[in-house]
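>>> here's a sequence, model it:
(chains A and B)
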Amino acid sequence: MSGILPTSTSSEGVGPEPVGAPPGAPVEERRAIEGRSPWLLAWQRLRRDRVAMISLVVIVLIVLMAVFAPLTTTITGHPVNEQYRQTGLTPDGLPTPPSSEFWLGTDDLGRDIFVRIAYGARISLLVGVAATALTVVIGVIVGLAAGFLGGFVDTVLARLIDVVLSVPFILVAVALVSITGPSLLVTVLVIGFFSWASVARIVRGQVLSLREREFVEAARSLGASDSRIMFVDILPNVLAPVIVYASLLIPVVIVVEATLSFLGLGLPPPTADWGGMISESQNYYTVAWWFVVFPGAALLVTTLAFNLFGDGVRDAFDPRADRIMAEVSDVTIEPLADVDAVEAVPTVETRD
Amino acid sequence: MARFLVRRIALGLLVLWLITIAVFALFFVAPNDVARTLAGRQATPETVALISHRLGLDQPVWKQYTDFLWKALHGDLGYDYYHQVPVTDIMKAALPITLSVVVGGAIIWMVLGLTNGVLSAIHPRSFTDRSLTAFSLFFYSMPTFLLGLLLLYFFYFRLTLAGITIFPPGGYAPLTDGFWPWFQHMVLPWFTLALVSAATYARLTRASMLDVLGEDYVRTARSKGIGERRVILRHGLRAALTPVVTQFGIDVGALLGGVVVTETVFSLPGLGKTAIDAINQQDLPVIIGIVLFASAAVVVANIVVDVVYAVLDPRVRLH
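Below is the predicted model of the structure:
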């Protein structure tokens, strides 16, 4: 069996055979093993990865915090945008430190930082997931089209990929947002439109080799149309590297969103947004450490959890990574897909 | 090789040309009220029209574009809207600052990243490896602006409170004022940029080294009795550098166009901060100039990377 996912959804039924049980295995064990699809195998490997599982728990907690953000208002009695000029600001009009009234202190306008962090999680997660989804959808479609259709389409799309990859992302993103005016939709669209090129490049490379394979030829000889071959036969085979890439892209996107906010192009005030909070704290970091530390910690914990989880996902899909290999010793499994394609980190330019 | 180079350069020019169109289109799709802003609130429509005319904004967009392109080909990027300073002068003033940040930062992040990656790869899964990996992931997850602010808090604010005034709160001192003031202003920006970037390089080096150390020729080298240090550095690291160099080229290319976040946090008037300020003022000539320069840096970096590939990895030449 070669290093790709079987096209189990292909009705032509010519995909590579699933991983079988070792011949010598006891009957019960064999039955248990026979049912394992490559996806299940990856999941089982992921489940054994303690760090990834802890990160997953942290991610779930952050999601819960975002979903139940209004609860923080119920508990503390502080609405998210309420400015407590009397209790939440010192006589000099400066933020007040953490106290029993304001657990994580207040910001420059006397608002409760704890409540705002909970609400800010909504923005970060929403943008992170939505922009990543958009990136993946555009990237997969362009990559499939370029790789499978080839010829003129490929030439044009490959050049387009080059152009998008040469665009100084942060500069152009800032320029675009400053023209259209900041909003959630604009942020998601801008990130999506400038990040798809890496996904497209990965998918295109995979498709170029996949389209020469027997199961594609078989599908074609059975009379399948181009679009059917592209989406039913080839697409499932490129999903593994795309999923790995996407899981590593989410934290990058969250940082990009926060960076845009920091540069003053986040969501318009008074929206609670981590990047925006850190940006506002810039003028107060000498007098109110909590103003920068808590939103910063929220952002850092979130990106760290997503990165650790994404790492785990990559290892799970690519058992060559030694630490997993040592644990999966019963069957020698070829990598599910060429995850090398995403060995490099997502290339959205955020490092600066 | 020559044919390959010509092809790549032609492609690079095509990319740059497309980017000029994109940026131009972007700004003229949006309602443009620069002339009105410049004229001030009390201005009569005539004044606005006059300013608009002087800036060439009353011309059809395609005419403005072809004028721009023609001048750009002659090395003239026009004048900024607000002070009528040549854009090339503005960029010449900002470039040394960006260069200072990038060069210093790059040296630090390469040293940190490569050492970290090689140490991790020599004993994979050891305690050293795990702690170094955790260390890199921490900084990899750290948003640049957050790290910058934290460094400012501890190394500027806290130290100054303690009576140690080594680090200024930001700003730039040119090298002509002496090495020490320049160095003082650069240390925190360097580490901000370097710590965040080093993580990427550590992870890249580790993965690449692990691949390479499993190769047959490394075993051959060991079996010939070559010392471990030499095997790791000469046979291992040299081949493992290929993806690292790619990333390095792309990163440096991208950063030369402006270290946007770091420059903003530390109030360094480099290309990145200049561009952000220009964007906030809708100062189109400056924006186009810097975006074009930034893209050119990326394109050139990509070509250089491809050439360096062949030099660095003997296997590439064989194929």
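>>> check contacts around whichever residue of the stretch 51-200 of chain B sits closest to chain A.
Chain A sits closest to residue B:141 of the stretch 51-200 of chain B, with a gap of 4.1 Å, by Cβ to the nearest Cβ. From N, CA and C alone the C-beta is placed, and that goes for glycine too. Going by Cβ atoms under 8 Å, 6 or more residues apart in numbering or on different chains, residue B:141 touches A:251, A:300, A:303, A:304, A:306, A:307.
>>> repeat that with 6 Å
Taking Cβ atoms under 6 Å, 6 or more residues apart in numbering or on different chains, we find residue B:141 in contact with A:303, A:304, A:307.
>>> what subset of those is buried?
A:303, A:304, A:307 (16 or more other Cβ atoms under 10 Å in any protein chain shown).
>>> and those residues near chain B, which?
Filtering the buried ones among the contacts of residue B:141 for neighbours of chain B using Cβ under 6 Å from any Cβ of the partner chain leaves A:303, A:304, A:307.
>>> nearest residue to the second one in space, please, no chain neighbours.
Spelled out, that is residue A:304. residue B:141 (4.1 Å; Cβ to Cβ, 6 or more residues apart in numbering or on different chains).
>>> return the distance of the one you found relative to residue A:248.
To residue A:248, residue B:141 is 11 Å away according to Cβ to Cβ, to the nearest Å.
>>> shouldn't residue B:8 be in contact with residue B:302?
No - Residue B:8 lies out of contact with residue B:302 (Cβ atoms under 6 Å); the separation is 7.8 Å.
>>> between these two, who's got more neighbours?
Between residue B:8 and residue B:302, residue B:302 has the larger neighbour count (other Cβ atoms under 10 Å in any protein chain shown), namely 20 against 16.
>>> can you tell me how far that one is from chain A?
8 Å (Cβ to the nearest Cβ, to the nearest Å).
>>> can you pull the buried residues of the helix or strand encompassing that residue?
Here residue B:302 sits within helix B:284-312, counting by DSSP states H and E. Along helix B:284-312, these residues count as buried under the neighbour rule (16+ other Cβ under 10 Å): B:284-303, B:305, B:308-309, B:312.
>>> and stretch A:224-238, end to end?
19 Å (Cα to Cα, to the nearest Å).
>>> quick check, distance from that stretch to the centre of its chain.
Offset of stretch A:224-238 from its chain centre (Cα atoms, centre = their mean, to the nearest Å): 24 Å.
>>> tell me the mean pLDDT over it?
The average of the pLDDT scores along stretch A:224-238 is 87.
>>> what are the buried residues along that stretch?
By neighbour count on 16+ other Cβ under 10 Å, the buried set for stretch A:224-238 is A:224, A:228, A:229, A:230, A:231, A:232, A:233, A:234, A:235, A:236, A:237, A:238.
>>> cross the residues you listed against helices and list the overlap.
The helices, defined by DSSP state H, take in A:228, A:235, A:236, A:237, A:238 from those.
>>> quick one: which of these is nearest chain B?
Among these, and counting by Cβ to the nearest Cβ, the member closest to chain B is residue A:238, at 21.4 Å.
>>> ok, now how distant is the residue nearest to the closest one when sequence neighbours are not counted from chain B?
Leaving aside its sequence neighbours, residue A:238 sits nearest to residue A:206 (Cβ to Cβ, 6+ apart; 4.6 Å). The gap separating residue A:206 from chain B is 18 Å, by Cβ to the nearest Cβ.
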